[in-house]
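[1] Next come a sequence and a model predicted from it.
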Amino acid sequence: MQPFDERFEMISPPRRLRPQAILYLATAATTFAAGVAGWQPVVLGLDDNLANELAPHWQRGIAYMAAVMAVLSAHEAGHFIAARLHRIPATLPFFIPVPVLLTGTLGAVIGMEGSRANRRQLFDIAIAGPIAGLVVAMPVLAAGMLFGTPTAESPFATPPVARWMLGLLRPDIAVGTSIEPNALFMAGWVGLLVTGLNMIPVSQLDGGHVSHAIFGARSNWIARAILLAAIAAIILLGRYNWIAMVVIVALMGTDHPPIRDDGRPLGLARTMLGLFSLLIPIVTFMPEPLLFE
């Protein structure tokens, strides 16, 4: 196994893993709280009446926490294992807890020395995360649909792929009806949202890595076009909820950083899989994920 560079070797394993462990536990706590609260906005400093109302829902909190952490852990494990197999130094995942967010988390990220990877290695590492995450998220979402209660007033938008699944799994409910939020449904929903956003072919998102592995330097023009289209959509359609995402991507840098070029082509199988994977944002995208008025 190729050793980590000096930055990693200078830090002892317990100290190196401490931030990841703290963030993992914090994300477990915030997702538990989100499940207990029923994915509804709750003002900090609960009064006794509200606390008593939420207390009986601790089982829902545990179920959601376990399911969503499994989905996110599978995604990041895919990246980490692929990186280790290719001997590319990578950190264990940093989970992102968000106490003020209805879902309790914004996902997770790993640190990787991508400049050491060639096109094939970059592709394998990038695609492994979304595939592993969806392998867990899709059955979890399906279970949430099968055992969930139909509703016409869900506060969470349903992406295209979820609508197709719902039509197949629940032909008994009316078209346009969704599922009342439950632990499994919401964990799968978060998995689709996180995967879809990650697979946008921009910068150092998973989709950006895949696009760069397929198209090389031309991927930068694709990324720039997507960013400009996103800005135009925000202005013309008033989708101001995406401003923060665009700002984050812009700060990361639209173009993909250079990687090691060993002259080997990506290959037909990887190219076809990569092109197919770039459809993920289309079938999981939700212009307005939250439908609160």
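    Nice, I can see it.

[2] close enough to count as contact, Leu102 and Gly35?
    No - distance between Leu102 and Gly35: 10.5 Å, which falls outside the contact criterion (Cβ atoms under 8 Å). Yep, even glycine has a C-beta here, placed from its N, CA and C like the rest.

[3] more crowded one of those two?
    Gly35 (28 against 20; other Cβ atoms under 10 Å).

[4] so what's Arg239 up against?
    Ala233, Pro287, Glu288 (Cβ atoms under 8 Å, 6 or more residues apart in numbering).

[5] repeat that with 6 Å
    Ala233, Pro287 (Cβ atoms under 6 Å, 6 or more residues apart in numbering).

[6] Give me the pLDDT value at it.
    pLDDT for Arg239: 75.

[7] List phi and psi for it.
    phi -90, psi 60 (degrees, to the nearest 10).

[8] So for this structure, the centremost residue is which one?
    The chain has Val194 as the residue nearest its centroid, 2.2 Å off, counting by Cα atoms, centre = their mean.

[9] Which residue, neighbours along the chain excluded, lies closest to that one?
    Gly107 (4.3 Å; Cβ to Cβ, 6 or more residues apart in numbering).

[10] helix or strand for the one you found, which one?
    Assigned by DSSP states H and E, Gly107 belongs to strand 105-109.

[11] can you pull the alpha-carbon coordinates of that strand into CSV?
    Taking Å, rounded to 0.1, in the frame of the first residue of the first chain, the C-alpha atoms of strand 105-109 are listed here in CSV:
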residue,chain,number,x,y,z
THR,A,105,-26.8,16.8,7.8
LEU,A,106,-25.3,18.0,4.5
GLY,A,107,-23.6,14.6,3.9
ALA,A,108,-19.9,13.9,4.2
VAL,A,109,-16.6,14.4,2.4
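
[12] quick revisit: quick one: the residue nearest to the centre of the chain from Arg116, how far?
    26 Å (Cβ to Cβ, to the nearest Å).

[13] now do Ser277
    According to Cβ to Cβ, Ser277 and Arg116 sit 23 Å apart.

[14] What is the burial count for Leu169?
    Number of residues near Leu169 (other Cβ under 10 Å) recorded here: 17.

[15] just Ile179 next, same as before
    By other Cβ under 10 Å, neighbour count at Ile179 equals 26.

[16] ok, it - contacts?
    Per Cβ under 6 Å, 6+ apart, neighbours of Ile179: Met145, Gly148, Phe185.

[17] ok so the last one is a helix residue?
    Yes - per DSSP: H, G, I helix; E, B strand; the rest coil, Phe185 lies within a helix segment.

[18] can you pull the pLDDT of it?
    Phe185 is assigned 97 on the pLDDT scale.

[19] do you know how far the closest residue in space to it that isn't next to it in sequence is from Arg60?
    The spatial neighbour of Phe185 that comes closest, neighbours along the chain excluded (Cβ to Cβ, 6+ apart), is Gly144 at 2.8 Å. Distance, Gly144 to Arg60, by Cβ to Cβ: 12 Å.

[20] the more surrounded of these two?
    Shown here are Gly144 and Arg60; by other Cβ under 10 Å, Gly144 has more neighbours (24 against 21).
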